[in-house]
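> Prediction below, plus the sequence it came from.
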Amino acid sequence: MSSHTSPAIELRGTSKAFRTPSGALHTAVKDLDLTVGHGEFVAVVGPTGCGKSTTLTLVSGLEEPTEGDVLVAGEPVRGIASNVGFVFQQDAVFPWRSVLSNVMAGPRFRGVPKAEAKVRAREWLARVGLSSFEDRYPHQLSGGQRKRVALASTFVNDPEILLMDEPFSALDVQTRALMSDELLELWAGTGACVVFVTHDLEESIALADKVVVMTAGPATVKEVFEIDLPRPRKVEQVRLEPRFVEIYREIWSSLGEEVRITRERGAVDA
Ligand SMILES: Nc1ncnc2c1ncn2[C@@H]1O[C@H](COP(=O)(O)OP(=O)(O)OP(=O)(O)O)[C@@H](O)[C@H]1O
């Protein structure tokens, strides 16, 4: 039974090793301890290839840890749970379904009657500003609009946990800032906790309550920074504040070191 006295997500001494095609073991995540509270927005930053996505796949139940525990609401993760939503870099939309049908799909799969699923889908389409696009197909939308469909399709299922893996990295800079603001607005009303993986330190500070810096691979938590910027935030405004710049410098001095280690390894491997 899940309990609100337990954190939303807890990884304890978690490791994950993959068998490579040559038969060797590759450790992607090692002795990782991480706690995410209910309703908390946590961003995870780290050098490329360090194990950020693997950490998300462990929380999602798509992969099992080799060692240690992965708990959601105090219970070990077994398979993909229905209270977890995902948004990835690639838009997880059905190309053959209209916008409305895409947003209805999650509730329909969960057994919600068609009429009710339609009402809920329309509510979320209104919130992401796509009411007049409900009959369109994904290929008839811009990248930002497709991302809004993906967000509506995720939030319509009332997820308690939202896992996001570089969701906005394929978007242009302006659309990216708009989507970040929209995400904050959508999230604010839900009480869901978010784990948001990104390469972009500015994005992580603008969005999150906590920024987790991962080490050069295998991933483990190096440092956790509390982001004491007030909410509600607008990403384009908050990044100009002196406190933002201070936090950026502080985190970069930790993250930059791991990025350098990763680069130097790359130079040696080359
Ligand atoms: N299924 C797999 N089999 C073998 N190795 C894997 C597998 N999945 C990931 N890896 C390896 O584990 C390491 C961590 O990968 P992961 O995708 O978690 O990193 P990341 O930090 O998300 O990377 P990026 O920032 O570049 O997206 C990498 O070296 C990757 O090659």
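Now that the structure is in, tell me what you want to look at.
> Would you mind listing what in the stretch 151-270 of the chain touches the ligand?
Residues of the stretch 151-270 of the chain lying close to the ligand (Cβ under 6 Å from any ligand atom) are G217. Quick note: C-beta positions are derived from backbone N, CA and C, even for glycine.
> Output the below-cut-off pLDDT ranges for the stretch 151-270 of the chain.
Low-confidence segments of the stretch 151-270 of the chain (pLDDT under 70): 267-270.
> Nearest to the ligand: which residue in it?
G217 (5.6 Å; Cβ to the nearest ligand atom).
> OK, contacts around that residue?
G217 is in contact with T27, A28, P47, G49, C50, G51, T262, counting by Cβ atoms under 8 Å, 6 or more residues apart in numbering.
> go on, T20?
H26.
> residues of the longest helix belonging to the chain that come out buried?
Longest helix in the chain, counting residues (DSSP state H): helix 242-269. Using 16 or more other Cβ atoms under 10 Å as the test for burial, helix 242-269 gives F244, I247, Y248, I251, L255, E258, V259, T262.
> Assign the residue nearest the centre of the chain to helix, strand or coil.
Nearest to the geometric centre of the chain sits M164, at 1.9 Å (Cα atoms, centre = their mean). For M164, the assignment made with DSSP: H, G, I helix; E, B strand; the rest coil gives strand.
> And the helices in the stretch 1-150 of the chain?
According to DSSP state H, counting those that start in this stretch, the stretch 1-150 of the chain carries its helices in the segments 52-60, 99-109, 114-127, 143-155.
> Tell me which of those sits nearest to D228.
Closest approach to D228 among the helices of the stretch 1-150 of the chain is made by helix 52-60 (23.7 Å; Cβ to Cβ).
> who's in contact with the closest one?
If you take Cβ under 8 Å, 6+ apart as the criterion, helix 52-60 is touched by 9, 11, 14, 16, 28-29, 32, 34, 44-46, 63-65, 70, 72, 77, 80, 84, 86, 161, 163, 165, 195, 197, 214, 219.
> Convert the C-alpha atoms of it to CSV, please.
Output of helix 52-60 as CSV, limited to C-alpha atoms (Å, rounded to 0.1, in the frame of the first residue of the first chain):
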residue,chain,number,x,y,z
LYS,A,52,20.8,10.3,-16.2
SER,A,53,18.4,8.6,-18.5
THR,A,54,19.2,5.2,-16.9
THR,A,55,18.2,6.7,-13.5
LEU,A,56,14.8,7.7,-15.0
THR,A,57,14.3,4.3,-16.5
LEU,A,58,14.9,2.7,-13.1
VAL,A,59,12.2,5.0,-11.5
SER,A,60,9.8,4.3,-14.4
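> excluding its backbone neighbours, what's nearest M214?
Nearest non-adjacent residue to M214, counting by Cβ to Cβ, 6 or more residues apart in numbering: G46, 3.0 Å away.
> Next, the contact list for the one you found, please.
G46 neighbours (Cβ under 8 Å, 6+ apart): K52, V213, M214, T215, A216, A219, L255, E258.
> among the residues you listed, who's most crowded?
A219 (29 neighbours; other Cβ atoms under 10 Å).
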